[in-house]
Each structure stands twice: as C-alpha cells, then as structure tokens.
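K.L.:
Give me the fold of what follows.
(chains A, B and C)
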Amino acid sequence: MRAVGVGRTRVPLGPFFVGMLVLLYLPIAVLFVFSFNAGTTLSFPLRGLTFDWYAAVLGDAALLNAARNSLVVGVAAATIATVIGCLVAVAVLRFRFRGRRLLLALAGLPLVVPFVVMGVAFFLLFVAIDLPRSLLTVAAGHSVIATPYATLILIARLGGLDPALEDASMDLGATYPATLHRVVLPLMGPTLVSAWLTCFIVSFDEIALAIFLVGGDPTFPVFLYGQLRFAQRLPVLVAMAVLLMLATVALAVVALRLRARSE
Amino acid sequence: MLGRRGTLKFLVGPPSLWLALFFLVPLVLIAAYSLRAGSGAIGPSEPWAPSLEHFREVLGTPAFVRLLGVSVLMALVIATGATLLAYPVAYFLAFRAGRRAPLFLTLLLVPFAVSYLLRVMAWKLMLGPEGGINSLLSTLGLTAEPIGLLLYSRPAVIITLIYIWIPFAALPIYAAMQRIDRSQLEAAADLGAGPWSRFWRVTVPLSLPGALLTFFMVFIPTVGEYVTPALVGGTDGIMYGNIIGGFFTRSANWPMGSAMAMIMLALTLTLVVVGVRVVNFRRVTA
Amino acid sequence: MRTPHPRRVPSLLIAIGLALTACATDQAGPSQSAAPEPDELLVLEWGGYEAEDFWTDFRTANPDTEVTFEFGDTDANILALMQGGSQADIVHFYTGWQQFYVDEGLVREIDTSRLSNWDKVPPDYQALGQIDGKQYFVPWDWGFTSILYNTDEVDEVTSWDALFDEAYAGHVSMWNDGPGAVAVSAYINGWDETNLTDEQLAQIEADWIAQKPLNAFYWSGEYTDLCPAVQDGTVWVAYAWQGCYATALAAGDPVAYANPEEGRNSWVGLYGISADTDSYELALEFLDLKLAEASCGNAVSLFYYGCANGDVMAAIDDPILIEAFGIDDPSILESTNFTPLVTEEQREAWTGMWERVQAN
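P.N.:
Coordinates of the predicted model:
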C-alpha cells in the first residue's frame, strides 16, 4: 500500500511526529538517567553511575511479584475487554436489533464514571457477593473500564469494512461464524492488536481502582505508591519501571511480528 | 448450523452479561447510595430510606455547581485540543508511515506503560523552579523569574491532559483513516484536485467520524478527571472529580460523593446525546 | 434462554442491585468460631506500612502465617471501608476517629494482659486507645504536626498563622484535610476545637477560602508530594509532620521545624482488632510483636515517625532524629495539643466545609 496523501506539501508531518515522540519520551529519558544515578533523590547533580539499582531489582522478590501481577492482570483485562469490544462492534454494526443502542451505550458508559467511584462500587459489589478481593477482582474491574476504549477503536475500524465481503463469503457457503473468523477478524487484525495494547496499558498503570480491589497481592502501581514513602527505595522503583517499559516494548514487538507473519 | 441471525445471541449475550454484572450492578449500588437518607460513613447494612437531600445539597452549593461547569469547559478545551493535535499524528501514521505504522504506533503508546506517577515526578523535575526548563530559560536570559504557569495551575492541567491524551486520541482517527479507499484519492487527483483540495474534500470528511469518536472519547472521562489535577493542578486546577474523590476518601461521605457522581453522569450523558444528535449518529457508525 | 426484552432490563438490574444490597445486610454479626483459628491475617493498612520491616518480629515468630493487606489512604476512607464490610482482622487509623469504631461496633476489646510489650508503652499513649475505660486500641506510631519552613526564605515562624501570611503567596502548602484545617484555625483563634459554634465554623471556612491562593498546592502524600517540593524550593512554609523535616535535615537543606506559641499538634496511630475477626489470638500476637523493638524501631528509622515503645524512643541517638523529635526539649511536648476525639456531626461538618473550600 503506497502512501498516497497530501503529496509533496510543506506540512512537516514527520518532524511533528518526531517532536511528539520526543515530548513523550523526555520524562522517560530523565527516569532512565536517574536509574543509573548513585544518589537516591530525583535531583541534579548526579552522584555517580551505578548498576546497583538494576541488580537490586532482580533480588527484590516483592517488587518482581508486583510487576508480574500487573502483567497478568493486564493481559487478562485486555483480552476480555478486546473480546467484548469486538463482539459489541460486530453486533452493533452488522445487525439491527432492539437494544442495539443500549448495548453500545453500555459498552461506552464506563468512560463516564470516575475510577474512584467505580472502586467504591466494586468494593460494595464484592462485599455483597462475598467475593474476597484478589487479582481476579482487579482484572474484572479493569476489563470493565478498558472496554470502552476497545469498543470505540474497533467500531472505528469495522465501520469501514465493506459488508459485501461478508456477504460474498456467505454466498460461497460459509456460515456466519466462519465468515467472522476467516474474513472479518483477519482484516481487523492490526486494529485488534492496537485495541488490545491500549487496554493493556490502561490496566497496567491503573491505581485508583486497583487500590480498592487488590487483595494481598498488589499490582505494580499499588506497590509503587506504597513504596514511594521510602525515600531510599526510589531508584530501585525507577529501575523497575524502566524494565517494565522495555518488557512492554518487547511484548508489543512480538505482537507485531506475529501479525506480520500471519499476513 | 448457525445462520447470521443465530450468531447474534453469541455476540450480544456475553458482553451484556459481563457488563450487566460488573458495571450496571455496581452503578445501581452507587445510585442507591446517592438516593438514601443520611450521610457520612454509612454501611450498606443500615436501613435504606429514599431521599433527595444529597442532590439538593450539591445543587444548592454554588461552588460545586460552578466547579462542574468549569470542569465541563476544561474538558471541552482538552478534547478539542487533543483531537486537533492528534489529527496530524494519525495522518502521519495512516499516510506517511507506510509499513512502519504499527511500529510507530507502538512507540507512541509504550510510554504509558511507565508509571504515570513517576513520569509526573520527572516532569516536575523539569518544570519546577530549579528544573531544566526554567534553568534553560533563565540561562538564555528569556525569563527573570521561574514561570509559575507550567505547574500547579489550571493551564498546567489542560496542557498535561492534552499531552497525555494525544496518543490515545490518535487511535480512532487513525482507524478511520485506514479505511479511506486510496482509489478515491487517486480519482480526485486524476480529476485535477491539488493536495490541499484532496485533503479537505476527501480525507477530512471521511475521517470525520473517527475524529468525532475521538472527541467524545476524550471529553467524557475528562469531565470527571481527578488524578492529573491532584498532581499538577495546585489549588487553581482542582476539578469536579477531585471533590467527588474527596467525599469518598477524605470525608467518608459516600452518599454525597455518589450524588455528585450521578449528577455529573447525567450532565455528561445529556451533553453527549445532544452532541451526537447534532452530529448525526449515523455518520459515526455507517 | 431468550435474551430479556430490553425494556425489562433496567428493572431487572435494579432488582439485582437491591437484592445484593439486601445481601450485604446479612453480613453483620460476629462469627462463631468453635474451630481453631485460621493461620492468616488480613490487615487494613496505609500504603507503605505493609512492608515486612514493620512486623518483622511477627514474621520471625510465625514464618508460615499468611499476612495480607488491604489499603486505605485516609482515615475517612479506612473507616468507610470497615463500615462497608471489609473483612480485615486488624485496622490502622489515627487519633480523632476512635469513637466511631467503638460506636459502630467495628472493634473488640483488647486484652492487654496478653501483650508482653504493653508495659513499654507510656501511660499517656495507652490512655489514647481507651474509650469509656476499656482498651480498644494499641498505639503504635506517632508524630508531631507543625510548620516546616525554609530558613533561607522565611524568618523564624512563631505562630500557626504563618500559613496565612501573604508574604509567602504561592509557596505555602497545607495538608488536604478538613479536620486538620479546623484544628489550625482553632489554635490560631484560641477556640476550643471540640466546641465550635456555627459562626466560628463559617469564619473558618471563609479564612481557608481566602488562604487557598497562597498555596502552591495542597499535599496528600507526605513523601510523594511534600518532601520533594520542600527540598526543591517550591514550598517555603508547610503544615507538616516531622518526616519531611528529618529527610530535609539529613540532606542538609536549610529547614526548621517551628514551635508555634499556640503549641504543636500531635497525632498517634492506633491499631484495633475487628469485632468480626476469626483470628483474635493471632491478631493479639501481631500487635504485641509490632510493639517489639525491631518492628517499632523501623517506624523510627524508616519513616522518621515516633514509636509507642518507650524503650525505643529512649534509645534514639541519631542527632537528626533527636532534633526532629525535639527529644532534648521537654517543653515542646508540654505545649503540644493532642488530637481530641471528634463527634460524627463535627466530622461531617468539617469535611463538608473542606470540600466547599476546595471547590471555591
């Protein structure tokens, strides 16, 4: 697909994009620098270079556990939210039925409710059904708040797919589920990946809800928030945050490779 | 064998069940709290009697109503800013990045995997009175005093929120741009339309639904935003969501917090419905 | 099953919601434990306090016990969570809120004869955990509240009204808490904070609304919000606990901790045992061992807070901590105002007032 667009214009889109990336990565660069700083506060001047903090990360079982929890919860919540978003997108765009608008509204409504309110609401729910708080409850909560993002992104994409393709497939004898599986999903592939990644990220750094729903096993943001009270633990936390970002990049690259391979 | 119609149950069933249990029920619980008599810390086991006293109190406190209005306005500004600035980003991804688009997209989203708390701490380092930006400006002789505006103010909240929304806002626009049939652009070019003309008459109208989705996606949660105002807003940038959070966490007054949340919900939904009517829903889901 | 008609869905959901609320009402009532206690504890704690440093003696004595934590970040939140049905066995909160826990039947009496470290707790602190002569709470951490100020920018602070001084506009930071604000106003005006009239409260609200622009920001997290801002020079005058004072002193920053003429404030952290707990014996042991030298001492060395174990406090020899706690100056404690008990009406009025201040 060759890039056809505004052609040779003077609009500096490339530099604009690069500028955006620079702004986004500036604080990360700062954190990266401080993860090697021998001092324990986020202030200049730097007090010497060291790998100690990264070494300390590897030895800190609680820290690694919290990171692992966030990854697990993120994957679960993102998967559930993306599946729901996908089902809703197909249902709403390809069918006419009573309650179509209601379903769409339902999938989008979690956006309106502040996380702290959702936190209390979930707390009440889980107390009422006597479900002890755990990573499961966090994943459930996160899947709900991530659903609107997945739904909106997938609707934006699916809306542009020509239904004629599906009709053609059914004319050739495929059932509708098979059509969805073999025709629609592959076409939506890249968008599914972006939706999933977005949901993962929403869950990964979420704290307001998690703090209400986490049981004995904290997610990384909850753990981080508690640990920030210890002034001397800051550099290790920064090192961990940098490592987690690299892990997310690796995850995303793997997802991209898988998608590329399937083309 | 499932026909088209039969599949519908499987498409609608699971999401409805999941969302009904894990979203609607909690929401009903909050609504129940907002409508109960009595305030302060009330356990769910205490007898429930209906009352509008909290709604009356919220709507009868000018400061709260004003703050809601201010928050809505801020959200409008932020949504507009984010959508406008995300547009070139999406355009770049859709029309310029070619095969690298997924990679660039990933690069855009990945910073959000780093704890927001830590990123804000790093930004404060740079924006603070002795931080990098102010040092640079004073070294260059541009400012005599550190700029207070960049931190602990309402503009700081607006700028920060626009900044963090842009990558997410680019996604629906990008998705919409991806579905623009290139042949339409080629046809326009063949008919003699110049680049700007093609942009305004083909690209923009076709990507408008995506832009509108983005606008609402940003606007809706921003009305109730409280994390960023708490971190960078100072006393000036406090938003309605902070007060809701305050009633829940600082005051142990769940009924009041719930009432404020329900009012905000009602207002936001009304604005969205009006907005969607104005824009014509069909264009978004066509 | 046919999918329900969309129009019936809302009523269905309301029914489910109310049913669940009704279910929650069946949660009351203590559990019958004829069976042996489970070897696990759930503690409702403040972020950071779950670190094993603060209960290391218990961990050593009970290596297999499962100790898990729920989190709250304000006294109000923690009370609300307990009332909302938290299953925590142990709860940690601060002075001023004791009466609510007792009135609501959230805690049970503590048998201090089973606490081996109880005699190390000074009688004044023991008394703070008593309601109507019964011991419901065990004190653990404590500290002062006063004005922390930057000596390079600010002349010696002698009164709480430094927080209202226009000369420091843009460089003040007040704690984001209504009862705290009311206490400060009461000190400045010489009013009895447990007996404020409506007019006095209205005056307090107006004063704090006027004070609002003087702040750079209201702080919520001591080490996350306040300390960095004090150290980088954004904040010159702050309502603060001594944690940031000690941190800044250790870093060599130009700070001082005021001894206002109205007296400092002091707060004490209290632990209670849930009335519904299945693990009373284990909880007693947990609290007892928290008072032990290592666990209690870590509150001092890691958070720069005081600890209720008198022996630990007497053994402090770090000059920075001696300075921060004013150990060498007994007159400080004598003039200190300890946070009094607060009634439900007062709490509601004060917190509601503070939200209005925030919104203005």
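
K.L.:
All the strands of the chain, in order from the start?
P.N.:
This is for chain A. With DSSP state E, there are no strands along chain A.

K.L.:
try again with chain C
P.N.:
Counting by DSSP E, chain C has strands at residues C:40-46, C:66-72, C:90-94, C:107-108, C:130-131, C:134-135, C:137-150, C:172-173, C:237-241, C:255-257, C:265-274, C:306-307, C:337-338.

K.L.:
is chain A contacted by the second one?
P.N.:
Spelled out, that is strand C:66-72. Yes. Judged by CB under 8 Å from any CB of the partner chain, strand C:66-72 comes into contact with chain A at C:66, C:67, C:68, C:69, C:70, C:71. C-beta coordinates here come from the backbone N, C-alpha and C atoms, glycine included.

K.L.:
Mind listing what's buried along that strand?
P.N.:
Residues C:67, C:68, C:69, C:70, C:71, C:72 are the ones in strand C:66-72 that count as buried (16 or more other CB atoms under 10 Å in any protein chain shown).

K.L.:
Please work out the average pLDDT along it.
P.N.:
Across strand C:66-72, the average pLDDT comes to 86.

K.L.:
How about stretch A:134-148 and chain C, touching?
P.N.:
No. Contact of stretch A:134-148 with chain C (CB under 8 Å from any CB) is absent, the minimum separation being 9.4 Å.

K.L.:
Tell me which residues of that stretch come out buried.
P.N.:
The neighbour-count check on stretch A:134-148 (16+ other CB under 10 Å) flags A:134-135, A:137-148 as buried.

K.L.:
Using PDB, write out every CA atom in that stretch.
P.N.:
Listed next in PDB are the C-alpha coordinates belonging to stretch A:134-148 (Å, rounded to 0.1, in the frame of the first residue of the first chain):
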ATOM      1  CA  SER A 134      -7.700 -10.600  44.700                       C
ATOM      2  CA  LEU A 135      -6.100 -10.200  41.300                       C
ATOM      3  CA  LEU A 136      -9.300 -11.700  39.800                       C
ATOM      4  CA  THR A 137     -11.400  -8.800  41.100                       C
ATOM      5  CA  VAL A 138      -8.800  -6.300  39.800                       C
ATOM      6  CA  ALA A 139      -8.900  -8.000  36.400                       C
ATOM      7  CA  ALA A 140     -12.700  -7.900  36.400                       C
ATOM      8  CA  GLY A 141     -12.700  -4.200  37.300                       C
ATOM      9  CA  HIS A 142     -10.000  -3.300  34.700                       C
ATOM     10  CA  SER A 143     -11.800  -5.200  32.000                       C
ATOM     11  CA  VAL A 144     -14.800  -3.100  32.500                       C
ATOM     12  CA  ILE A 145     -13.000   0.200  32.400                       C
ATOM     13  CA  ALA A 146     -11.000  -0.800  29.400                       C
ATOM     14  CA  THR A 147     -14.000  -2.000  27.400                       C
ATOM     15  CA  PRO A 148     -15.000   1.500  26.000                       C
END
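
K.L.:
I'd like the distance between the nearest residue to residue C:245 once chain neighbours are set aside and chain B.
P.N.:
Residue nearest to residue C:245 in three dimensions, not counting chain neighbours: residue C:257, with 4.5 Å by CB to CB, 6 or more residues apart in numbering or on different chains. Using CB to the nearest CB, to the nearest Å, residue C:257 is found at 23 Å from chain B.

K.L.:
mind listing what residue C:257 touches?
P.N.:
Neighbouring residues of residue C:257 by CB atoms under 8 Å, 6 or more residues apart in numbering or on different chains: C:144, C:146, C:147, C:148, C:240, C:242, C:245, C:324, C:326.

K.L.:
and it, what are its bridge partners?
P.N.:
For residue C:257, the beta-bridge partners are residue C:148 (DSSP bridges).

K.L.:
With residue C:359 as the reference, measure out to it.
P.N.:
Distance from residue C:257 to residue C:359, counting by CB to CB, to the nearest Å: 32 Å.

K.L.:
just to revisit the earlier point, just the closest of the buried residues of stretch A:134-148 to residue A:194, please.
P.N.:
Of all the buried residues of stretch A:134-148, residue A:146 has the smallest distance to residue A:194: 12.9 Å, by CB to CB.

K.L.:
and that closest one, what does it touch?
P.N.:
Residue A:146 makes contact with A:77, A:78, A:81, A:198, A:199, A:202, A:203 under the criterion CB under 8 Å, 6+ apart.

K.L.:
Please repeat the previous calculation with a cut-off of 6 Å.
P.N.:
Listed by CB atoms under 6 Å, 6 or more residues apart in numbering or on different chains, the contact partners of residue A:146 are A:77, A:81, A:199, A:202, A:203.

K.L.:
Now go through the residues you listed and say which are in helices.
P.N.:
A:77, A:81, A:199, A:202, A:203 (DSSP state H).

K.L.:
Could you count how many residues lie near the fourth one?
P.N.:
Spelled out, that is residue A:202. Other residues near residue A:202 come to 22 when the count uses other CB atoms under 10 Å in any protein chain shown.

K.L.:
so what's it up against?
P.N.:
Shown in contact with residue A:202 (CB under 6 Å, 6+ apart): residue A:146.

K.L.:
go again using 8 Å as the cut-off
P.N.:
A:77, A:142, A:145, A:146, A:149.

K.L.:
In those residues, which has the lowest confidence score?
P.N.:
residue A:149 (90).

K.L.:
What residues does the stretch 251-360 of chain C have near chain A?
P.N.:
Residues of the stretch 251-360 of chain C that fall close to chain A, judged by CB under 8 Å from any CB: C:251, C:302, C:303.

K.L.:
Is it correct that the first one is in contact with residue A:41?
P.N.:
Think residue C:251. Yes. Contact criterion CB atoms under 8 Å: residue C:251 and residue A:41 qualify, at 7.3 Å.

K.L.:
more neighbours, the two?
P.N.:
For residue C:251 versus residue A:41, the count of surrounding residues by other CB under 10 Å is larger for residue A:41: 19 against 15.

K.L.:
what's the pLDDT at the more buried one?
P.N.:
70.

K.L.:
what's the closest non-adjacent residue to residue B:74?
P.N.:
The shortest distance from residue B:74 to any non-neighbouring residue, by CB to CB, 6+ apart, is to residue B:158 (6.1 Å).

K.L.:
Look up how far chain C lies from that neighbour.
P.N.:
Counting by CB to the nearest CB, the gap from residue B:158 to chain C is 16 Å.

K.L.:
still on that earlier bit, residue B:18: which of the contacts of residue C:257 is nearest?
P.N.:
Distance to residue B:18 across the contacts of residue C:257 (CB to CB) is lowest for residue C:240, with 46.1 Å.

K.L.:
From the structure, what's the count of residues near the residue nearest to residue B:74?
P.N.:
Residue B:158, neighbours per other CB under 10 Å, totals 19.

K.L.:
And the pLDDT for it?
P.N.:
For residue B:158, the pLDDT comes out at 93.

K.L.:
where's the residue of chain A found nearest chain B relative to residue C:209, distance?
P.N.:
Nearest to chain B, among the residues of chain A, is residue A:160, at 2.4 Å (CB to the nearest CB). Distance of residue A:160 to residue C:209, computed by CB to CB: 52 Å.

K.L.:
Between the two, point out the one with more neighbours.
P.N.:
Shown here are residue A:160 and residue C:209; by other CB under 10 Å, residue A:160 has more neighbours (21 against 16).

K.L.:
Just give the number of residues close to residue C:314.
P.N.:
Per other CB under 10 Å, the neighbour tally for residue C:314 reads 10.

K.L.:
Quick one: residues contacting it.
P.N.:
Contacts here follow CB under 8 Å, 6+ apart; on that basis residue C:314 touches nothing.

K.L.:
Now the terminal residues of stretch C:231-242, how far apart.
P.N.:
For stretch C:231-242, the first-to-last residue distance is 14 Å (CA to CA, to the nearest Å).

K.L.:
Tell me the bridge partners for the residue most central in space within chain C.
P.N.:
Centroid-nearest residue in chain C, with CA atoms, centre = their mean: residue C:94, separated by 3.6 Å. On the basis of DSSP bridges, residue C:94 is bridged to residue C:269.

K.L.:
so it makes contact with residue C:270?
P.N.:
Yes. Contact criterion CB under 8 Å: residue C:94 and residue C:270 qualify, at 6.8 Å.
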